[in-house]
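Engineer: Got a sequence here, can you model it:
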Amino acid sequence: MKIDFNSMDFEIKEHFNNGEKCFQVKTYFDGTNKIMYGKLIPGASIGIHTHTDSSEIIYVISGSGKNICNGIEERLNMGDAHYCPKNSSHTFINDGKEDLIFFAVVAKQ
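Structural biologist: Numbering: from 1, shown residues only. Just a heads-up that it's a prediction; the model follows:
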């Protein structure tokens, strides 16, 4: 099944999960799982949140930033992936100078 993110408009989520600035996202949701194309402008973040009934995989398409998962900070650059397992907490921060573009899958478990 093809998901055409190019035909979707960005949804703007201000201070998503108490993060900084806004999270811009194109989302496909089948009622169970979410598949997202996201953008964080410089200085924007997705606030810390816990995946109690899901896990999340994030793949960085362009830009760079940092992810903090269960208190462990990691740099993510173009081509890197982050995995947040079920019952884990994480945040994603664009501390760079260019837009951080990524693809993410939140899978219910």
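Engineer: From residue 27, how far out is residue 57?
Structural biologist: Residue 57 sits 15 Å away from residue 27, going by Cβ to Cβ, to the nearest Å. All C-beta spots, glycine's among them, are computed from the backbone N, C-alpha and C.
Engineer: and these two? which has more neighbours close in?
Structural biologist: When neighbours are counted by other Cβ atoms under 10 Å, residue 57 and residue 27 differ, and residue 27 comes out ahead with 17 against 13.
Engineer: Show me where the protein has its strands.
Structural biologist: 11-14, 22-29, 34-40, 45-50, 54-62, 64-69, 72-77, 81-84, 89-93, 100-108 (DSSP state E).
Engineer: ok now the fourth one, how far from the chain's centre?
Structural biologist: What that stands for is strand 45-50. Put simply, strand 45-50 sits 9 Å off its chain's centre (Cα atoms, centre = their mean, to the nearest Å).
Engineer: Buried residues in it, which are they?
Structural biologist: Buried residues in strand 45-50, counted by 16 or more other Cβ atoms under 10 Å: 45-46, 49.
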